[in-house]
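# return atomic coordinates for the entry below.
(chains A and B)
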There are 2 protein chains.
Amino acid sequence: MDFGLPFASYLQEYRYKYLALFHALRAAILEGTIPHGAKLPSTREMSNLYQLSRGSVNQVYDMLLAEGYVTAAVGSGTYVTYELQETQAADAEIPLEIELSTWGRRAAQGRALPREHWPEPMKQPFISLEMGRMVSEAFPTDTWNHVLYQEIRQFESVRGDVESPDTLGHGPLREAIALHLRRMRGIQADPKQVVICNGSMQAIALLAQLLIDPGDAVIVENPGYMGMKRAIEAAGGRVTPNAVDEHGILVQDWEEKLVFVTPSRQFPTGAVLSLERRQQLLAWASRRNGVIIEDDYDSEIRYGGRPIEPLKSLDLEGRVVYVGTFSKTMYPGLRIGYAVLPTCLVEPMRRAKEIYEPSPISMMEQRALAAFIQNGHYERHLRRMRRVYSRKYAFFYRMMQEHVGHLFNVLPCDAGMHVYASWRGTADDYAAFRSAAAAHGVGWTDGGRYIYLPDTPIAACFGFAHLHEEELLQGILRMKTAWEDRHTYLRSRAMKN
Amino acid sequence: MDFGLPFASYLQEYRYKYLALFHALRAAILEGTIPHGAKLPSTREMSNLYQLSRGSVNQVYDMLLAEGYVTAAVGSGTYVTYELQETQAADAEIPLEIELSTWGRRAAQGRALPREHWPEPMKQPFISLEMGRMVSEAFPTDTWNHVLYQEIRQFESVRGDVESPDTLGHGPLREAIALHLRRMRGIQADPKQVVICNGSMQAIALLAQLLIDPGDAVIVENPGYMGMKRAIEAAGGRVTPNAVDEHGILVQDWEEKLVFVTPSRQFPTGAVLSLERRQQLLAWASRRNGVIIEDDYDSEIRYGGRPIEPLKSLDLEGRVVYVGTFSKTMYPGLRIGYAVLPTCLVEPMRRAKEIYEPSPISMMEQRALAAFIQNGHYERHLRRMRRVYSRKYAFFYRMMQEHVGHLFNVLPCDAGMHVYASWRGTADDYAAFRSAAAAHGVGWTDGGRYIYLPDTPIAACFGFAHLHEEELLQGILRMKTAWEDRHTYLRSRAMKN
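The predicted model follows:
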């Protein structure tokens, strides 16, 4: 009897002959090649056929027996008992559509903004002034690695730890953050109110789920951070975009109950919410029984002299949820964010987080980060970053004004890792210029990505923190050349006509 | 003019005098101690009052000015412009109730099972035979740390990486898992179908959100894993518990569309779903257009000879979602789980995960784990674990039968890190015995935690993997003594009456 088992190919896949035989036989039974009722060769025959010991063949038959594929009767042999079901006769997985829930359909509709794909530029390498990139030169890699190594060594002894850590995060890290916020940001946070999250988006998404019912409208800034839109819409809410000017969001007497804002440094314009508007915002929340989610994504990297206090530091009623992150100040791969919650939201957040993660994630990094902050490394790093980025910002701002100031109105700012620049020309001009610039080897983040309302001015976002001065200048000069080339071309065409 | 500023206390809090002064002044303005319209002392006066340079005082005034707390008129002085709002006059944060969404209320109702609190035992130390603990002796700490160190060193160069990694997880880890599943578990998974999650619960919770609409009923096993209940109920679904016997779940022609099962090793009974029932289950799914979520939480740690193939390996229609985890085989602090998704759920899962984590979490551990698997360390570790746990299991099972076999019917098993034992007596007996045993210094996980249906037999779950043989024996002997003491006492009481 020859089964035509593809034994050789299974041999390549499995380390042991008996496993290869087991899988080959099992597959043949499952596929119906060896049908229901067929008698398998005796162990002696099999042993000769595939050059295995009889013991090994016995083991294989026992495995098939234990899983119910075959049956064995003493003195009579081994028979296939597995019956191929009609529905299983299909050759391969049928492309199936599984029906999604309402939430699933909402989630599937949302789509993270795709990375831009630049054309092959004339000049290499392409200079990307996109946002969200980070320079590694400013990061104290050696110190951080040292702290990590230490935590790994110590972690060894706690790896089999019997106590489950708190879902809300590593206790010492929550304490270190509370102290940092108190010292540096004027927020009187109790460590109990601090929840560690996997980046700030987890905090925002869970808050959206905790606070938004399907159909609820939520105030967001225009232009604004689209991650908030996704979180709101996944929870079934609708966004009500509200205009922003150079003093931040224009506060109104909204009927909505929830507002998402970026007061310390409006995203993406960089505007700082004025004190007057802060007070209006808090007064609105108090009057309307509203809740404010404050996303403070990068204002810790400030190089202007004055500290910009978070809105939370003025919040006496506990209506502000403060969301922060270390992914911007440390490095993007460290997905550690946090929220400072009003007392009444601490337990609901714990229960919400438990559904996804009964135990906290990235404990090693959480432990290392706690030590990094406690030892003063984080503050020193922030100071160094501020110096480095301050210089870069000043250089970039000056060069932009000098070389492309006729194209962009660059908004001055004193914090963060990108600048916002409104376009002085028409929409058509901007689109043509962006293409020309890309062909010349320079690109940036289009401000159009963050726009809800159609009459929002055209703008560009330039991330400058990840490049050296010569690269920044090079990028700006390429923009200038791209514009001039285009300009020359247009003039020559106008003369021909 | 004396403000009575608590300057000294601010000095203790802030490193620099000017920051202490800024915060002291700002707090006084916010609290109304320095009211609207009040004139601040001149910089000279301030400088004398608090022993700062005039330059520093100037800086403080500039900071207050920049944030809009004061106004300055040349030659006239600095005046407080901040007006205390009525609602801000409250002394402290008012205990506020923020209204939760429907989801939030559901989430807040659920509660993770609390850890047991044992009474102070007579015998020290307390021997805990609870589940979910892990022995560190079986873990190759040095090898793992070495791999981690290597990843940290290499990570350095990619820390400022411009490419955002895939939300679904580190590519090489997804590949390593697909290969491992193919080789070891008979699952033909494409790496594209593998999603890395923060432990298996994240996968389960997101799947529940993707597939369950409010009001939907979902089949679960009784007894069964309560994490599934929480995920189902948070999504608005209802659980329909279905009985389990020694061959796993009793398959019926359910009208429900979704089933959560643990076929390789039923949780908590340890029963292996028979092939017949596997085929019934798949046939049900095919007939009813149903979806099966298979949670394979610890069957990789098997010490019986035969490999227990996951249900997924029989799934030709793509109706089974396979969920696995490394938290049990590696160490609990490593929160890395995964799911093998039917093709049609890959994109919905990506979008769902993006809402919470646009970038994947624990990249360092993901990279290290990929290397650990690729280098064969993981398979070697599994083999070693199996040997270690196999011995422990055999010892524990034998000792249980020998010493407390009259109390418990211990179900034999050939995988995992706990055994399930049904109680031979009455409910009252069990409760009294459990208390007596705790007083004698031994405790275990009550099987009652996993029960939905009232007529489920009384049972206990004994985790044995984290203890040495002498500790296991000690625990069993304490149980025996606890029972005998109680028995003697009962007999003596009966004789007295």
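# who does the helix or strand A:V244 falls within touch, helix- and strand-wise?
Per DSSP states H and E, A:V244 falls inside strand A:238-245. Here strand A:238-245 touches strand A:217-222, helix A:226-234, going by 3 or more Cβ pairs under 8 Å, 6 or more residues apart in numbering or on different chains; DSSP states H and E. Any C-beta I mention is one placed from the backbone N, CA and C, and that applies to glycine too.
# switch to 6 Å and redo it
strand A:217-222 (3 or more Cβ pairs under 6 Å, 6 or more residues apart in numbering or on different chains; DSSP states H and E).
# contact partners of the strand it packs on?
A:228, A:232, A:237-244, A:249, A:254, A:256, A:258-260, A:452-453 (Cβ atoms under 6 Å, 6 or more residues apart in numbering or on different chains).
# what comes into contact with the strand holding A:V244?
For strand A:238-245, the external contacting residues (Cβ under 6 Å, 6+ apart) are A:217-222, A:229, A:232, A:249-250, A:266, A:452-453.
# out of those residues, who's the most crowded?
Compared across the contacts of strand A:238-245, A:E221 has the highest neighbour count, 29 neighbours, by other Cβ atoms under 10 Å in any protein chain shown.
# which strand residues bridge it?
Here A:E221 sits in beta bridges with A:N242, going by DSSP bridges.
# helices and strands of chain A: which one has the lowest mean pLDDT?
Every helix and strand in chain A was compared by mean pLDDT, DSSP states H and E; the lowest is helix A:7-13, with a mean of 72.
# up against chain B, what does the stretch 251-400 of chain A have?
A:275, A:283, A:286, A:291, A:306, A:316-318, A:331, A:333, A:335, A:344-345, A:348, A:351-352, A:354-358, A:361-363 (Cβ under 6 Å from any Cβ of the partner chain).
# any idea how far the spatially closest residue to A:G224 that is not a sequence neighbour lies from chain B?
Leaving aside its chain neighbours, A:G224 sits nearest to A:Y450 (5.9 Å; criterion: Cβ to Cβ, 6 or more residues apart in numbering or on different chains). In this structure, A:Y450 and chain B are 15 Å apart, going by Cβ to the nearest Cβ, to the nearest Å.
# and the helices in the stretch 101-250 of chain A?
Assigned by DSSP state H, counting those that start in this stretch, the helices in the stretch 101-250 of chain A fall at A:102-109, A:141-158, A:171-185, A:199-211, A:226-234.
# quick revisit: of the residues of the stretch 251-400 of chain A next to chain B, buried ones?
Neighbour-count burial within those applies to A:275, A:283, A:286, A:291, A:306, A:316-318, A:331, A:333, A:335, A:345, A:348, A:351-352, A:354-358, A:361-363; the criterion is 16 or more other Cβ atoms under 10 Å in any protein chain shown.
# in the stretch 251-400 of chain A, what residue lies closest to chain B?
In the stretch 251-400 of chain A, the residue that lies nearest chain B is A:L275 (3.3 Å; Cβ to the nearest Cβ).
# is it true that the residue nearest to A:G224 touches A:Y225?
No. Contact criterion Cβ atoms under 6 Å: A:Y450 and A:Y225 do not qualify, at 7.0 Å.
# quick one: buried residues of stretch A:58-76?
Those buried within stretch A:58-76 under the rule 16+ other Cβ under 10 Å are A:59-61, A:63-64, A:66-67, A:69-70.
# that one near chain B anywhere?
Yes. Stretch A:58-76 lies within reach of chain B by Cβ under 6 Å from any Cβ, at A:63, A:66-68.
# tell me the average confidence for that stretch?
Averaged over stretch A:58-76, pLDDT sits at 81.
# distance between the ends of that stretch?
The straight-line separation of the ends of stretch A:58-76 (Cα to Cα, to the nearest Å) is 15 Å.
# most tightly surrounded among the helices of the stretch 101-250 of chain A?
Among these, the stretch with the highest mean neighbour count (mean count of other Cβ atoms under 10 Å in any protein chain shown) is helix A:199-211, at a mean of 26.
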